[in-house]
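Novice: sequence and predicted structure are below.
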Amino acid sequence: MDIPNILLLIFSFFAQAGDIIEVSSSIDPVGIAVQLVLIVVGLFFSALFSGSEVAFFSLSGQEGVRSKDEAEQSTDQLIMRMLNQPRRLLATILIGNTFANIVTSVLAAVVTGSVVVYFGFSQFWVYFWEVIILTFTILILSEITPKIIAINEPLKNARKISRFIYFFYVMLKPLSSIIANSTLNLEERLPKPNSKMTSQDIMTMAEVSEREGSIKSDEREIIENVIEFGSTSVREIMTSRVNVVAVSINDSLDEVLSLIREKGLSRMPIYESDLDSILGIIHAKDVLPYINADIERTTINWRTIARKALFIPATKKLDDLLRDFQQEKTHIAIVVDEYGGTEGLITLDDILEEIVGDISDEYDEVEEQLYTRFRSGGYLFDAKIDLDDMEEILDCELTSEDDDFETLGGLMYHLTERIPNVGERVYYRGIEFTIHSVFNNRVRKVRAKVQGHNVKSAKKSPKSKK
C-alpha cells in the first residue's frame with residue numbers, strides 16, 4: 001500500500017510543477033494556508049484509515065465483539081456487520097487511505113511549486129527534499145504510528161472509529177464491491193502455490209528445533225520415528241523365528257506353566273509339529289484357572305483354549321499392521337514368508353517401541369548388551385544386532401534399501417553365501433569382520449574393526465531389536 005502512494009506522489013510532483021511555474025510568480029498566503037490545512041487533514045484521514053485496518057482485522061473473532069453495555073452494542077453491531085464482508089471492508093479502507101494520500105501528495109506538490117517560483121530555488125533540490133520529507137511524514141504519522149496505537153487495543157479503537165468507517169463502507173459500496181469481487185476472481189484464476197510440507201521438511205525442522213533447544217533429543221527421535229513409521233516393514237522389527245517362544249500341542253500343563261514363569265510372556269503361539277504349523281495363540285490368563293489343579297493328573301486340550309492367530313507377510317508396513325491389530329482386537333501376529341512358513345512374530349509392544357523407544361517394567365530382565373568395545377578400537381558384536389544400530393555405533397553406512405537382511409548375522413551370510421567358519425575374515429565397506437563364534441549353523445559373535453578412519457562414538461544409544 002505504501003509503494004503505490006509514494007509513486008503517485010512523485011508523479012504528481014512533476015505533473016504539477018510545470019503548471020505552477022506558468023501560472024503565477026507570486027504567493028497567495030490564504031491559498032497556501034488553506035492548502036497546508038488540507039494537507040494536515042489528508043494526513044489525519046490517512047492515519048484514521050491505516051489505524052482502522054489494523055484495529056478491525058486484529059480482532060480475534062466476532063464472539064469477542066459483544067458488549068453488555070447498551071451504549072456499545074450499536075457500535076459492536078456495526079463492527080460485526082462490516083467483518084461479515086472482510087474483502088469489501090478492506091477495499092473500503094484502502095480506497096479511503098489511497099485517496100487521502102493522493103490528495104496530500106498533490107497539495108504538497110502545489111505548495112512546493114509555489115515556493116520554487118516565488119523564491120527561485122532549484123526545482124530539483126526542492127522537489128527532492130519534499131519527496132523525502134513527505135514520505136517520512138506519511139510513513140510515521142499516517143502509517144506506522146496509528147497502526148501501533150490500534151494494535152495495542154484493537155477492540156477499543158475499532159469501536160471509536162466504527163461509525164467513521166461505516167459511513168465510507170456504505171458510500172463506497174459500489175466501488176469497493178467491484179474491487180472485492182475482482183480480487184476474488186483474480187485469486188481464483190491465479191495458480192495456487194504448492195505449500196505441501198514433505199516428511200523431510202518436518203525432520204529438518206525437528207533437527208533445527210533440537211539444536212535451538214525448542215525440543216529435546218528424545219522428542220526429536222519420536223517425531224522421526226513417527227514419520228518413518230509408515231515406511232517401516234514388519235521384517236525390520238519382528239522377533240525372528242529362532243527367538244520365538246512357543247508351546248507345543250503335546251506339552252503338559254506343568255511345562256506350559258514353567259515356560260510362562262520363566263519367560264514372563266502373556267501370549268505364546270501354539271504349534272502342532274513345528275513352528276510352520278501354528279494353530280493359534282495361548283494367553284497366560286486362559287491358563288490361570290488350571291493353576292490350582294492337580295498338575296500331574298490334569299490334561300488340557302490346548303486347541304480348546306487357543307485363540308485365533310493373525311498371520312501377516314513380512315513385507316507388511318507397520319501402519320497397516322496397527323490398523324489390523326485394532327480391527328482384529330489382538331496384540332500379536334505371526335509373520336510368514338512367501339511359502340507360508342513361519343518367519344517370526346510381532347507384538348503391539350514392538351510397534352510402540354518403534355515410536356517411543358524401549359518400554360520396560362520392573363519385571364523385565366536387564367537389557368542384553370549387544371556389543372563390547374575394546375581399548376584397541378575394535379568391537380565384539382552379537383550377530384543379532386540390528387544393522388541400523390551398528391551404523392550408529394561405528395558411524396558408517398552398512399545397509400541400503402534393497403537389502404533383504406536386517407542383522408549382522410544376515411550380512412555375514414550375504415557376504416559369504418554360506419555358513420562362515422570361526423576365524424574367517426570378511427571385508428566390507430572399510431570394515432574388517434572376523435567370525436568369533438558359530439553354534440548350530442548360526443553365527444553368534446562377530447568382531448569388527450573399522451579400517452582407514454577413527455571410530456566415532458554413537459550420537460545416541462541404539463534401540464535394541466528383538
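Specialist: Structure's in. What do you need?

Novice: rest of the way, CA atoms for contacts and neighbours
Specialist: OK.

Novice: can you give me the buried ones in the helix ranked longest in the chain?
Specialist: Determined from DSSP state H, the single longest helix within the chain is helix 86-119. Within helix 86-119, the residues scored as buried using 16 or more other C-alpha atoms under 10 Å are 87-117.

Novice: same question, stretch 405-424
Specialist: Those buried within stretch 405-424 under the rule 16+ other C-alpha under 10 Å are 405-412, 420.

Novice: for the spatially most central residue of the chain, pull up the helix or strand it's in.
Specialist: Centroid-nearest residue in the chain, with C-alpha atoms, centre = their mean: residue 202, separated by 4.4 Å. Using DSSP states H and E, the element containing residue 202 is helix 199-212.

Novice: now residue 303
Specialist: helix 302-305.

Novice: give the buried residues for that helix.
Specialist: Result for helix 302-305 [16+ other C-alpha under 10 Å]: buried residues residue 302.

Novice: re the thing from before, which residues are contacting the next helix or strand after the helix holding residue 202?
Specialist: Counting by DSSP H and E, the next helix or strand C-terminal to helix 199-212 is helix 217-229. Here helix 217-229 makes contact (C-alpha atoms under 8 Å, 6 or more residues apart in numbering) with 199, 203, 206-207, 210, 318-319, 354-357.

Novice: put the buried members of those into a PyMOL selection.
Specialist: To isolate the buried members of the contacts of helix 217-229 in PyMOL, using 16+ other C-alpha under 10 Å:
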select buried, resi 203+206+207+210+318+319+354+355+357
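
Novice: what's the closest of the contacts of helix 217-229 to residue 395?
Specialist: Within the contacts of helix 217-229, distances to residue 395 taken as C-alpha to C-alpha reach their minimum at residue 207, with 18.2 Å.

Novice: for that closest one, which non-adjacent residue is spatially closest?
Specialist: In this structure, residue 207 finds its nearest non-sequential neighbour in residue 220, 6.8 Å apart by C-alpha to C-alpha, 6 or more residues apart in numbering.

Novice: okay, that neighbour and residue 236: tell me how far apart.
Specialist: The spacing between residue 220 and residue 236, counted by C-alpha to C-alpha, to the nearest Å, is 21 Å.

Novice: residue 136 now?
Specialist: Distance from residue 136 to residue 236, by C-alpha to C-alpha: 65 Å.

Novice: which one's more surrounded, the two?
Specialist: residue 236 (20 against 13; other C-alpha atoms under 10 Å).

Novice: please, which helix or strand holds that one?
Specialist: helix 234-237.

Novice: the helix or strand just after that helix: partners in the sheet, and parallel or antiparallel?
Specialist: Per DSSP H and E, helix 234-237 leads on to strand 239-240 as the next helix or strand towards the C-terminus. Strand 239-240 pairs in its sheet with strand 342-347 (antiparallel), by DSSP bridges.

Novice: show me the strands in the stretch 301-450 of the chain, by range?
Specialist: 311-313, 332-336, 342-347, 371-373, 379-382, 425-428, 431-439, 442-450 (DSSP state E, counting those that start in this stretch).

Novice: nearest to residue 276, out of those strands?
Specialist: Closest among those, using C-alpha to C-alpha: strand 342-347, at 5.0 Å.

Novice: which residues does that closest one contact?
Specialist: Under C-alpha under 8 Å, 6+ apart, the answer for strand 342-347 is 234, 237-242, 244, 275-276, 314, 331-337.

Novice: now the helix or strand harbouring residue 180 and helix 86-119, what's the angle there?
Specialist: Using DSSP H and E, residue 180 sits within helix 173-189. Interaxial angle of helix 173-189 relative to helix 86-119 (axes from the mean of the first three to the mean of the last three C-alpha atoms, to 10 degrees): 110 degrees.

Novice: which parts of helix 173-189 are buried?
Specialist: Neighbour-count burial for helix 173-189 [16+ other C-alpha under 10 Å]: 176-177, 179-180.

Novice: quick check: mean pLDDT of it?
Specialist: What helix 173-189 shows for mean pLDDT is 82.

Novice: same question for residue 300, what's its three-state structure.
Specialist: What DSSP: H, G, I helix; E, B strand; the rest coil gives for residue 300 is coil.

Novice: need the pLDDT of residue 2.
Specialist: 50.

Novice: kindly apply the preceding question to residue 272 instead.
Specialist: pLDDT, residue 272: 90.

Novice: now the spatially closest residue to it that is not a sequence neighbour: how far from residue 281?
Specialist: Once flanking residues are discounted, residue 272 sits nearest to residue 249: 5.3 Å by C-alpha to C-alpha, 6+ apart. Residue 249 sits at a distance of 11 Å from residue 281 (criterion: C-alpha to C-alpha).

Novice: give me the common contacts of the two.
Specialist: residue 270.

Novice: look at these two and report which has more neighbours.
Specialist: residue 281 (24 against 18).

Novice: great, nothing more from me.
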